[in-house]
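1. Got a sequence here, can you model it:
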Amino acid sequence: MNTQLFNSTNLNSATSATPTNDPVSIGEAARQAGLTEDTIRFYEKTGLLPAATRKANGHRTYNRNSIRQMKMIQCLKKTGMSLEEMKPYIQLGGIHGSLDDAPELHDHLLQHREQIQQQVDSLLSILDFIDSKILAGSMEHPHAQQESYGLNVDDVDDCTLPVLPSRLDSLQARMAALQSR
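-> Residues are numbered from 1 along each chain as shown. Below is the predicted model:
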C-alpha cells in the first residue's frame, strides 16, 4: 500500500505552463503556485521549501517539483494546518513522500481530515439553515418553520438545523424552488 502524500496529478494544474522541468524565475514560480515572491522566500527561510537553485547572477530558479511542493503547502494551509505542523510532511519527502514510512503522520493526517469533515458538516448545516430562510421567505425563528419542514427543532440553536429533506433533492429542484419565489 503506497500512500503517497499527494497525487502529483492533483498538483499539476498550475504547472501546465511549464511542461518540462525547465527552471523558472521566482516571479513565474509565484504566479504558477499562487503565492507571492516574499512568501516563497519565507517558506525557504523556514525550511518548508529547500533552498532554490541559483543562476550565475544569484537569481532563484524553481522546477516543477518545487512548484508542486509550494502548491502542497498552500493546500495544507487552506485546511488550517499550521506551517509548523506541515514540516514533518515536508521532511518526509514533500509531494513524493510516502505516509507508509511514517504511520504517526498518517494517523495525524487522518485526524486532521476528520476535523475538516466536521467543519464541512457544520457549514452544510448552516447552509441548510440559510436555505430554510430563503425557502420560507422569512427570518423567523426555526420553531415557526417546524411544521413546514416536519422537523423537531426544540433542541436546535438559532444557527443550525438538522439536514433538511431539501438536501436530498437535486440542485436543480432546489434552484427552481428559490426562483419561483
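
2. quick one: buried residues of the lengthiest helix in the chain?
-> Assignment by DSSP state H gives helix 103-136 as the longest helix of the chain. Of the residues in helix 103-136, Leu105, His108, Leu109, Ser125, Asp128, Phe129, Asp131, Ser132, Leu135 count as buried by neighbour count, 16 or more other Cβ atoms under 10 Å. Yep, even glycine has a C-beta here, placed from its N, CA and C like the rest.

3. Same question for stretch 43-51.
-> Tyr43, Glu44, Leu48, Leu49.

4. Quick check: the two most widely separated of those residues?
-> Glu44 and Leu48 (7.6 Å; Cβ to Cβ).

5. Quick check: what element follows the strand or helix carrying Lys71 along the chain?
-> Secondary-structure assignment from DSSP states H and E places Lys71 in helix 64-78. Proceeding N to C from helix 64-78, the next assigned helix or strand is helix 83-91, under DSSP H and E.

6. what's the average pLDDT for that following helix?
-> For helix 83-91, the mean pLDDT works out to 89.

7. So what's the residue count around Gly93?
-> For Gly93, the neighbour count with other Cβ atoms under 10 Å is 14.

8. Tabulate the buried residues of helix 103-136 in TSV, adding columns for pLDDT.
-> Converted to TSV, those look like this (pLDDT from 0 to 100):
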residue	pLDDT
Leu105	90
His108	91
Leu109	90
Ser125	87
Asp128	85
Phe129	84
Asp131	84
Ser132	81
Leu135	81
